[in-house]
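K.L.:
Kindly generate the corresponding structure for this input.
(chains A, B, C and D)
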Protein chains: 4
Amino acid sequence: MGSTTRRSSDSAARCPLGTCSFPSASRGPLALDGRAYYVPMATTEGCLVASTNRGCKAIAESGGAVSVVLRDGMTRAPAVRFATAARAAELKFFLEDRANFDTLAVVFNRSSRFARLQGIQCSLAGRNLYMRFTCNTGDAMGMNMVSKGVQNVLDYLQEDFPDIDVISISGNFCSDKKPAAVNWIEGRGKSVVCEAIVKEEVVKKVLKTNVASLVELNMIKNLAGSAVAGALGGFNAHASNIVSAIFIATGQDPAQNVESSHCITMMEAVNDGKDLHISVTMPSIEVGTVGGGTQLASQSACLDLLGVKGASLETPGANARLLATIVAGAVLAGELSLMSALAAGQLVKSHMKYNRSSRDVSKIAAA
Amino acid sequence: MGSTTRRSSDSAARCPLGTCSFPSASRGPLALDGRAYYVPMATTEGCLVASTNRGCKAIAESGGAVSVVLRDGMTRAPAVRFATAARAAELKFFLEDRANFDTLAVVFNRSSRFARLQGIQCSLAGRNLYMRFTCNTGDAMGMNMVSKGVQNVLDYLQEDFPDIDVISISGNFCSDKKPAAVNWIEGRGKSVVCEAIVKEEVVKKVLKTNVASLVELNMIKNLAGSAVAGALGGFNAHASNIVSAIFIATGQDPAQNVESSHCITMMEAVNDGKDLHISVTMPSIEVGTVGGGTQLASQSACLDLLGVKGASLETPGANARLLATIVAGAVLAGELSLMSALAAGQLVKSHMKYNRSSRDVSKIAAA
Amino acid sequence: MGSTTRRSSDSAARCPLGTCSFPSASRGPLALDGRAYYVPMATTEGCLVASTNRGCKAIAESGGAVSVVLRDGMTRAPAVRFATAARAAELKFFLEDRANFDTLAVVFNRSSRFARLQGIQCSLAGRNLYMRFTCNTGDAMGMNMVSKGVQNVLDYLQEDFPDIDVISISGNFCSDKKPAAVNWIEGRGKSVVCEAIVKEEVVKKVLKTNVASLVELNMIKNLAGSAVAGALGGFNAHASNIVSAIFIATGQDPAQNVESSHCITMMEAVNDGKDLHISVTMPSIEVGTVGGGTQLASQSACLDLLGVKGASLETPGANARLLATIVAGAVLAGELSLMSALAAGQLVKSHMKYNRSSRDVSKIAAA
Amino acid sequence: MGSTTRRSSDSAARCPLGTCSFPSASRGPLALDGRAYYVPMATTEGCLVASTNRGCKAIAESGGAVSVVLRDGMTRAPAVRFATAARAAELKFFLEDRANFDTLAVVFNRSSRFARLQGIQCSLAGRNLYMRFTCNTGDAMGMNMVSKGVQNVLDYLQEDFPDIDVISISGNFCSDKKPAAVNWIEGRGKSVVCEAIVKEEVVKKVLKTNVASLVELNMIKNLAGSAVAGALGGFNAHASNIVSAIFIATGQDPAQNVESSHCITMMEAVNDGKDLHISVTMPSIEVGTVGGGTQLASQSACLDLLGVKGASLETPGANARLLATIVAGAVLAGELSLMSALAAGQLVKSHMKYNRSSRDVSKIAAA
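P.N.:
Numbers count the residues shown, from 1 in each chain, chains lettered A, B, ... in the order given. The predicted structure is shown next:
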């Protein structure tokens, strides 16, 4: 533990944004899938770390969180055009014919020894065809790997479809760094669900609120409120805060925070309404543990601290998937804590109704 | 110039992510609204800076870009509940009655000497009422200022509407750090449009493509492709890359990259099809030049370099608005360059059709 | 009553789709705002009428439903273009300047003695400007009235802005007959909320389920389920069924069912969890009682039956607004009944778990 | 031909809305895939039929339209819940395991001799699982068939997953009669693309405009305008008008117009910019030729007129798919004509700039 603390404070000195905080053992690490993680968050908002800490504490005292990786595949969707839509449809049927898949996979997978083509989803806009390639990319976030594989297939296709007109290696059906329903529904990168059952007494003691208030708040704010706002994948309180803080600390692409923070937070009363079941479902967490910013000193140290540095030798992709679950676990903690602060803030305020001070309330309104 | 270069390399040493690049004079600064800016970008993706540089060069050689701030207002939308929808509607009508606005504004504006309430937009979900307050926040990004003002109004309303049940200071109709149509349509923070007319010869010489290919690519990728993907505010190539790089370099909240990178990129042929009119329209750029991360050493240096450090004494809010236009200008450069690379990449590839090398093509596929 | 029954069966003979059903008094009319309405529904789905009847019965036995018209304004948004975005922004500022509004309103309102311009909302896509005009249109649905008023303003503007290039009288920011967030957030036609508190015993006796099951089902299906599906304004069970049936029966434009059926259905337990508060919030119900299909024999008879035929002499627009509240009230009944059937169906099925018959369950699954 | 005219006028007498128009030979039938169709449209808007006729004429004079059915599958998505998300994920993996698919298909297909399970797409919201079943349904629209098949599978699963808690036979991930991205991206019912190349002289002579104006208008209105409006699947001018008119005339469910009218209209200049390539891509046309309203006298007559009445004996589903292509073909004609009217209207108006008459212009603004 001491060594962990040392290493974290070391890396903190060299950390992005000049400030990098780690929940310390005493304040409660993230208890996830039977292990404890000291989650690095690069942020200038001190209260964000404190809030996440509180969520970690509540989760730990309730037996920890559990996560499942539902899907793992990076995507790239080139746009090609033909003289007619009928011809574009021919390529769609060709790509969807399982008889052709094995050949296309061999061509695609030449891009890397880790690349494994999973599937190709096609959509047309008249004679323009968008082909969304999905593939495993080992422990790399994998965009370049997928782009190379796509290029291999595009080159290969030009023999059977010489009339193909490649408009762009990316046709925005991918969809990278933009809020798009295709990622929300199909997933991109790692799709993760993370849950915890928080005990009644922990909700009271640690979170200073009650189960009924949290369930009601989640329905009115995270579900109905976001529905009224016309949200896309934004059915949460502040997933983006936690995702971007961890992304910067661990050398991920901060621009991919856009879709990586897609999240629906659910809160339900269980055990005869006594305890709280909370979950976050995040379909497109785009992370890697090799390449890009992961190689920089402090980011590399943060990954090392989590035990996910570099490529997994025994199971390619295991480190990146583990990192994705840690991101989801930290988001779970962040949602639990902020939602409790909001719920409690209102209780507090009702007490304050007669003296007009509202300092504390406005301070906790991070999202 | 020399001094600028010195200062930029200084701050680079202390810059977020350990690396911070500035377009240097020789490689072309961002020419915007008659001035030249050295745009700080904190990124681990070197080619992103190089690409933006190329876009800056093309814009500069075409006479520079022009921007307009269309709107400026930060928002916060609490959720309150009544026993009935009929009663919730009464508060809606009360808030929309111009006769009450002046009083509400006085109450709201007590939160800060910079706060100026602009309006309140109400939406119902049955008996739950979401009230979206919009206000000027001077040179601060302004979330806390708005939250305080909202709290003032909520406290005030409890006298006329004692039956009001405040569910949350934020009901997600704000909408903060989530992709939501309300920000795309109503705007949040600064709404900016930025444009440039790029000359035919510059498109050829600097961008290595032609006007017709760019116009066509923009229609198929940024408009139709994003439409097919079910995009919300994501009708661009990679606005998020530039926005997050500048946000981190200048101490903005990187989590707000989600909505701040909402952007529709338009490309049209003008002057009898010879030249290119390119524009980016970004309705919700959330930036400030005081408070939060802007006070850290390197971030403060970056703001200073742009001449937007701290609060504007003569015109409150002028620095933050100027920073927003610089963000939009840099996005314009980034879109111009990547789109050209994609268009050219395809031309290149058609030449390469017979020798299968695709290294360069896949490398430029940043989005 | 007898005469009503006679007239309804008469008009039934001449009714769209050859079949037109009316809830009869014995089976319970729609009790709304202190009156009882026999709601005409033109549909070939008999169980739809029966289901709506059951909802009406439950509402009536609970004291009736209450509705509020939150907004009333038809819209049309032309697209115009200028040489530059800067120039397009000038027109935006001109239109938003309250000093110009009165003049523009006079020009606009020349289109009809009922037209009352309410406001103009502008959005840019670079140098293309979309101006969304909203206005009262009396008892007409009002599209033609608004189009004429818009044309008046476009002609008028050509004097101050001779460089305006009118691309289209409709630029799709209106947005007519398409699912679009702008209607969901801003409203189009009539925005109506309708609610009822259904007593515990009525939920048991009439709806054959219980309050807790309904609240839970609404959260999982209408809120979370639609969120997962990437719904836009579709946070309900089957509003579209009722809306289109009434639209066809009363001579509305059935193509406008697309946005007129936007609806968020909320269900909350009240009175210490004993009773059910149900509401439907529908922001864009586009109806009229004069013009178009309302003049045909059977449709006119249906409007007459509801007491909303033709133009309201005392209060222009009152008939159309009343019709909108009846649409919302019928949707409330339809939601209440189908949701109960789904909830009960599951209870039934749990009983049937050992004998595999599932006939009844599949039959009630209308949406 | 004479007999056709007779029969059409006959059925017109008994037609929904009391009025039913058929394009007559002289005014040009819909030329689609080498055949000519007299498309029945039940509408009270006379100009809608006239406008569609003009589009049909332009298409016929250009050699006709071509269509392709890209996909054919009706969907239903029940919502089930488990004690934990981890357990819900187990069912997801079970359903996605191809080893289990054949068994599940056998169980599902018992619902009808036409039912053919195609696949199951799963999404989670924490411990709540939404399973979207897709299957062929022969010539029936198929909702009841799918619901029965889903019920079979739910009953079957209760043996391997006794802890499954079926919340609803429909969990809104289907998604029926609501605008939802899942239909736009995955398709529902028939996914059809239809295209035509309209010759330069036909654009001039019949449509009274020019190719360049149409291409530009489509980009600014149907693509950029809808993007600005936050449209979902609404990248067209007025597909809903044609879809609902044919739906009512042929006994389809008019409430399904909501998603059946999802459409992206593309217009591109081809043959060195001389001719126009126009296409409509419609992913979720929900139609059948047996059951429901198709059995009523006038609706049955309309289907007979099109040669798609009842079930196809040789190829189950062929009639319903053919009907879907006719819907798309009629939408193509409708888009071509209205867009031309809008484009021409503006040309006219520019001529009228000096005399203020705007009658004609406002009349053509149907959408």
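K.L.:
so where's the stretch 201-350 of chain A shaky on pLDDT?
P.N.:
A:346-350 (pLDDT under 70).
K.L.:
Which residue ranges of it form strands?
P.N.:
A:234-235, A:263-270, A:275-285 (DSSP state E, counting those that start in this stretch).
K.L.:
Looking at the ones you listed, which is nearest to A:Val203?
P.N.:
Across the strands of the stretch 201-350 of chain A, A:Val203 has its closest neighbour in strand A:275-285 (5.8 Å, Cβ to Cβ). For every residue, glycine as well, the C-beta is placed using N, CA and C.
K.L.:
near chain B, anything from the closest one?
P.N.:
No - against chain B, strand A:275-285 shows no contacts by Cβ under 8 Å from any Cβ of the partner chain, the least distance being 11.8 Å.
K.L.:
A:Ser168 touches B:Leu217, doesn't it?
P.N.:
Yes - in this structure A:Ser168 lies within contact range of B:Leu217 using Cβ atoms under 8 Å: 5.9 Å.
K.L.:
which neighbours do the two share?
P.N.:
B:Leu342, B:Ala343 (Cβ atoms under 8 Å, 6 or more residues apart in numbering or on different chains).
K.L.:
More neighbours: these two, which one.
P.N.:
More crowded of A:Ser168 and B:Leu217, by other Cβ atoms under 10 Å in any protein chain shown: A:Ser168, with 26 against 23.
K.L.:
Enumerate every residue touching the residue positioned nearest the centre of chain A.
P.N.:
Nearest to the mean C-alpha position of chain A, counting by Cα atoms, centre = their mean, stands A:Ile285 at 2.9 Å. Contact analysis of A:Ile285 by Cβ under 8 Å, 6+ apart lists A:Gly189, A:Lys190, A:Ser191, A:Val192, A:Val243, A:Ser260, A:Ala324, A:Val327, A:Ala328.
K.L.:
Pull out the buried residues from these.
P.N.:
Buried by 16 or more other Cβ atoms under 10 Å in any protein chain shown: A:Gly189, A:Lys190, A:Ser191, A:Val192, A:Val243, A:Ser260, A:Ala324, A:Val327, A:Ala328, out of the contacts of A:Ile285.
K.L.:
is the helix or strand encompassing the third one anywhere near chain D?
P.N.:
The one in question is A:Ser191. A:Ser191 belongs to strand A:189-198 when elements are defined using DSSP states H and E. Yes - using Cβ under 8 Å from any Cβ, strand A:189-198 reaches chain D at A:Val193, A:Cys194, A:Glu195.
K.L.:
so does that strand get close to chain C?
P.N.:
No - on the criterion Cβ under 8 Å from any Cβ, strand A:189-198 is out of touch with chain C, staying 12.0 Å away.
K.L.:
Quick one: mean pLDDT for that strand?
P.N.:
Averaging pLDDT along strand A:189-198 yields 98.
K.L.:
Summarise which helices and strands it is packed against.
P.N.:
helix A:46-60, strand A:66-76, strand A:275-285, helix A:318-352, helix D:85-96 (3 or more Cβ pairs under 8 Å, 6 or more residues apart in numbering or on different chains; DSSP states H and E).
K.L.:
which one of these is the most hemmed in?
P.N.:
strand A:275-285 (a mean of 28; mean count of other Cβ atoms under 10 Å in any protein chain shown).
K.L.:
Tell me the strands beside that strand, with direction?
P.N.:
With DSSP bridges as the test, strand A:275-285 is paired with strand A:189-198 (antiparallel), strand A:263-270 (antiparallel).
K.L.:
Buried deepest among those strands, which one?
P.N.:
Of those, the one with the most neighbours on average (mean count of other Cβ under 10 Å) is strand A:189-198, at a mean of 27.
K.L.:
quick one: that strand to strand A:66-76, angle?
P.N.:
160 degrees (axes from the mean of the first three to the mean of the last three Cα atoms, to 10 degrees).
K.L.:
what angle sits between strand A:189-198 and helix A:46-60?
P.N.:
Going by the same axes, to 10 degrees, strand A:189-198 makes 70 degrees with helix A:46-60.
K.L.:
and the angle for strand A:189-198 with helix A:318-352?
P.N.:
50 degrees.
K.L.:
circling back to that earlier point, B:Gly64: which of the strands paired with strand A:275-285 is closest?
P.N.:
strand A:189-198 (38.3 Å).
K.L.:
got the CA coordinates for the closest one in PDB?
P.N.:
Taking C-alpha atoms only, strand A:189-198 is exported to PDB below (Å, rounded to 0.1, in the frame of the first residue of the first chain):
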ATOM      1  CA  GLY A 189     -14.800   0.400 -28.500                       C
ATOM      2  CA  LYS A 190     -15.900  -1.400 -25.300                       C
ATOM      3  CA  SER A 191     -19.500  -1.700 -24.200                       C
ATOM      4  CA  VAL A 192     -19.600  -2.000 -20.500                       C
ATOM      5  CA  VAL A 193     -22.300  -2.300 -17.800                       C
ATOM      6  CA  CYS A 194     -21.300  -1.700 -14.100                       C
ATOM      7  CA  GLU A 195     -23.600  -2.100 -11.100                       C
ATOM      8  CA  ALA A 196     -23.700  -2.100  -7.400                       C
ATOM      9  CA  ILE A 197     -26.300  -2.700  -4.700                       C
ATOM     10  CA  VAL A 198     -25.900   0.100  -2.100                       C
END
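K.L.:
hang on, the earlier thing: which pair in the buried ones among the contacts of A:Ile285 has the greatest spatial separation?
P.N.:
Among those, A:Ser191 and A:Val243 lie farthest apart (Cβ to Cβ), at 14.2 Å.
K.L.:
so who does A:Ala65 touch?
P.N.:
A:Ala65 touches A:Leu30, A:Ala31, A:Leu32, A:Asp33, A:Ile59, A:Cys194, A:Glu195, A:Ala196, A:Gly329, A:Leu332, A:Ala333, counting by Cβ under 8 Å, 6+ apart.
K.L.:
Which one of those residues is nearest to chain C?
P.N.:
Chain C lies nearest to A:Glu195 out of the contacts of A:Ala65, by Cβ to the nearest Cβ, at 14.3 Å.
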